[in-house]
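*Asks:* task: produce atomic coordinates for the following.
(chains A and B)
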Number of protein chains: 2
Amino acid sequence: MAGNSRDAGRSVTARALSVLTAFDTEHTRLTLTEIARAADIPLATAHRLLGELEEWGALRRESDGRYCVGLRLWEIGLLAPVYTRLRREAMPFMQDLHQSTGENVHLAVRDGLQTVYVEKLAGRRSAPVISRSGGRLPLHTTGVGKVLLAYSPSSVLHAYCEGTLSRPTPYTIVEPGRLGRELFGVRQRGFAQTTEEMTLGSCSVAVPVRVHGELVASLGLVVHSARADFVKLLKPLAPAADSLGRRLAETSGATVG
Amino acid sequence: MAGNSRDAGRSVTARALSVLTAFDTEHTRLTLTEIARAADIPLATAHRLLGELEEWGALRRESDGRYCVGLRLWEIGLLAPVYTRLRREAMPFMQDLHQSTGENVHLAVRDGLQTVYVEKLAGRRSAPVISRSGGRLPLHTTGVGKVLLAYSPSSVLHAYCEGTLSRPTPYTIVEPGRLGRELFGVRQRGFAQTTEEMTLGSCSVAVPVRVHGELVASLGLVVHSARADFVKLLKPLAPAADSLGRRLAETSGATVG
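*Replies:* Residues are numbered from 1 along each chain as shown, chains lettered A, B, ... in the order given. Next comes the predicted model:
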């Protein structure tokens, strides 16, 4: 391999990327040994790659020797359209929604068969939620996820139901037939709701954000079950999603996801 | 070089990173040719690297053939401590500040000789500002920047003043002596303020966020000049920064910047 720079090159880039893959929500600070093991590369290779990644700012070495994701990688990541376009345009609407309701406001997109949370606004008095920006959750257990699934091509729902549907609470809908009927209802009504299907004590309502009729994201509210007045919550939510869709359509034809 | 995998490796990782460096706020969507030129690598090499980066999800190829930063790089970037720790803990305080004032709320850290904006909250009625999360601005022109400079080691101020101080408005303080006195005052008072020093029509006030007495960030408000009642703005701002500092001290001893 050392004599073939093309193969060596491919391998090295893949290795550098595998170092980054060692980091996830549960593992934000890792030692050299942990990274080498997670990336399945020799310690000496890991050491050299980490040095290069640190020098560039992709990783940062903390005072205890552990590595974490660096400021520069964070900055470059924020250039993704999901952030520069979708999140930027959505924020003022999300702020207003949070201000008028005091509840958790979520903006999410679908990536493959998962919900990716783009932004979450929560005050200190909002219901506790497990979502976080850049975090992933299943599609069938949350309001925004149901919207993303309901407005996707039917092939996505079929692929989704081929996997095992997780059941975080006894109220989660895990039967494919029942889920299909539920999603049909979402399209009919134009919004999704959940009642303690992800977290006991929390309910949600969500609506699609569409650009020229095409789904690009979902906007939702998560509230304490005791405050789950869906009609009242939809009143500011639906117009906000419509305005955001129009705003995205105006600002550019480029994809936002 | 092809016969030396160590050198080839170093070069390939550096090249892959240089591809990422081609992207910035002004260049979020680039063609293959533009990337090759910006990264100063041959077209064929760029093509191969882009394929690998796209496959992994670091970049995404849009329908018009242009590349942009991908969802996966954005997700990994969000694992940086500046986001997972600092921004997460700050958000509820920032939400409350935005809700009680209706103004732009900024959270910023210092990276070298620049202000890096970690988070910005703005409603549709807030004064227009040029900051953005992951964006950089000079240290001497904004409230949060002045705080970051005032509470840094004096060597930072000396290094800063060795460069040319930009002057975005006629009111920007660019004389090193005057700036030094201003920053002395910031430390005395415990807050910084600007009056149309970054943008005409906008004023700002900012305070330090300290963990065990050490500066980790700055929290600030930017308002229309007509609404620049600093005493009134400091009332919710200073306690919020103090509470955030205590919260960061409680949750972990690890660095947050």
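
*Asks:* from the stretch 51-200 of chain A, which residue is nearest to chain B?
*Replies:* Proximity of the stretch 51-200 of chain A to chain B (CB to the nearest CB) peaks at A:Gly77, 2.5 Å away. Every C-beta, even on glycine, is put in place using the N, C-alpha and C of the backbone.

*Asks:* setting aside sequence neighbours, what's the nearest residue to that residue?
*Replies:* Nearest in space to A:Gly77, with sequence neighbours left out and distances taken as CB to CB, 6 or more residues apart in numbering or on different chains, is B:Gly77 at 2.5 Å.

*Asks:* what's near enough to touch the one you found?
*Replies:* A:Val69, A:Leu73, A:Trp74, A:Glu75, A:Ile76, A:Gly77, A:Leu78, A:Gly134, B:Tyr83 (CB atoms under 8 Å, 6 or more residues apart in numbering or on different chains).

*Asks:* count of residues packed around the residue nearest to the last one when sequence neighbours are not counted?
*Replies:* What that stands for is B:Tyr83. Leaving aside its sequence neighbours, B:Tyr83 sits nearest to A:Trp74 (CB to CB, 6+ apart; 6.0 Å). A:Trp74 is flanked by 28 other residues according to other CB atoms under 10 Å in any protein chain shown.

*Asks:* OK, contacts around A:Trp74?
*Replies:* B:Gly77, B:Leu78, B:Ala80, B:Val82, B:Tyr83, B:Gly134.

*Asks:* and with 10 Å instead?
*Replies:* Going by CB atoms under 10 Å, 6 or more residues apart in numbering or on different chains, A:Trp74 touches A:57-58, A:60, B:73-74, B:76-84, B:87, B:116, B:118, B:133-134.

*Asks:* show me which residues of the strand or helix carrying it are buried.
*Replies:* Using DSSP states H and E, A:Trp74 falls within helix A:71-77. For helix A:71-77, the buried set under the neighbour-count rule, 16 or more other CB atoms under 10 Å in any protein chain shown, comprises A:Leu71, A:Arg72, A:Leu73, A:Trp74, A:Glu75, A:Ile76, A:Gly77.

*Asks:* columns pLDDT on top of the residues you listed, output as CSV?
*Replies:* What follows is the buried residues of helix A:71-77, written out as CSV (pLDDT from 0 to 100):
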residue, pLDDT
A:Leu71, 93
A:Arg72, 92
A:Leu73, 94
A:Trp74, 95
A:Glu75, 93
A:Ile76, 95
A:Gly77, 95
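
*Asks:* hey, what's A:Val116 bridged with?
*Replies:* For A:Val116, the beta-bridge partners are A:Val109, A:Arg136 (DSSP bridges).

*Asks:* verify the stated contact: it with A:Pro138.
*Replies:* No - shown here, A:Val116 and A:Pro138 do not form a contact pair, counting by CB atoms under 10 Å, at 11.6 Å.

*Asks:* who has more neighbours, those two?
*Replies:* A:Val116 (24 against 20).

*Asks:* what score does that one have for pLDDT?
*Replies:* Note on A:Val116: pLDDT of 95.

*Asks:* list the residues that contact A:Thr13.
*Replies:* Applying CB under 10 Å, 6+ apart, the residues contacting A:Thr13 are B:9, B:12-13, B:15-17, B:19, B:48-49, B:51-53, B:55-56, B:58.

*Asks:* one more pass at 7 Å, please.
*Replies:* A:Thr13 makes contacts with B:Val12, B:Ala16, B:Leu49, B:Glu52, as judged by CB atoms under 7 Å, 6 or more residues apart in numbering or on different chains.

*Asks:* do a quick rundown of the helices in chain A.
*Replies:* Secondary structure of chain A (DSSP state H): helices at A:5-21, A:32-39, A:43-56, A:71-77, A:81, A:88-101, A:143-150, A:154-162, A:176-189, A:230-251.

*Asks:* would TSV of these with distance to B:Asn104 be doable?
*Replies:* Formatted as TSV, the helices of chain A follow (distance: least, CB to CB, whole Å):
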stretch	distance to B:Asn104
helix A:5-21	33
helix A:32-39	39
helix A:43-56	32
helix A:71-77	20
helix A:81	24
helix A:88-101	11
helix A:143-150	27
helix A:154-162	39
helix A:176-189	36
helix A:230-251	19
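
*Asks:* quick one, which of those gets closest to B:Arg125.
*Replies:* Set against B:Arg125 and scored by CB to CB, the helices of chain A come closest in helix A:88-101, at 9.0 Å.

*Asks:* could you say what helices and strands that closest one packs with?
*Replies:* If you count contacts as 3 or more CB pairs under 7 Å, 6 or more residues apart in numbering or on different chains; DSSP states H and E, helix A:88-101 packs onto strand A:104-111, strand A:114-121, helix A:230-251, helix B:88-101.

*Asks:* what's the burial count for A:Gln114?
*Replies:* For A:Gln114, the neighbour count with other CB under 10 Å is 16.

*Asks:* what's near enough to touch the closest residue to it other than its chain neighbours?
*Replies:* Leaving out its chain neighbours, the residue that sits closest to A:Gln114 by CB to CB, 6+ apart is A:Arg136, at 4.6 Å. Counting by CB under 7 Å, 6+ apart, A:Arg136 makes contact with A:Gln114, A:Thr115, A:Val116.

*Asks:* now A:Arg136: how far from B:Lys146?
*Replies:* As for A:Arg136, its distance to B:Lys146 is 39 Å (criterion: CB to CB, to the nearest Å).

*Asks:* now A:Leu71
*Replies:* Distance from A:Leu71 to B:Lys146, counting by CB to CB: 21 Å.

*Asks:* got it, and A:Val105?
*Replies:* 32 Å.

*Asks:* with A:Val82 instead?
*Replies:* Taking CB to CB, one finds A:Val82 at 33 Å from B:Lys146.

*Asks:* how about A:Val186?
*Replies:* From A:Val186 to B:Lys146 the distance is 50 Å (CB to CB).

*Asks:* A:Thr195 and A:Tyr171 touch, don't they?
*Replies:* Yes - look at A:Thr195 against A:Tyr171 with CB atoms under 7 Å: they come within range, at 6.2 Å.

*Asks:* shared neighbours, these two?
*Replies:* Residues touching both A:Thr195 and A:Tyr171 (CB under 7 Å, 6+ apart): none.

*Asks:* which bits of the stretch 51-200 of chain A sit near chain B?
*Replies:* Counting by CB under 7 Å from any CB of the partner chain, the residues of the stretch 51-200 of chain A close to chain B are A:52, A:56, A:58, A:62, A:68-71, A:73-84, A:92, A:95-96, A:98-99, A:111, A:116, A:121-124, A:133-134.

*Asks:* fine by me, thanks again.
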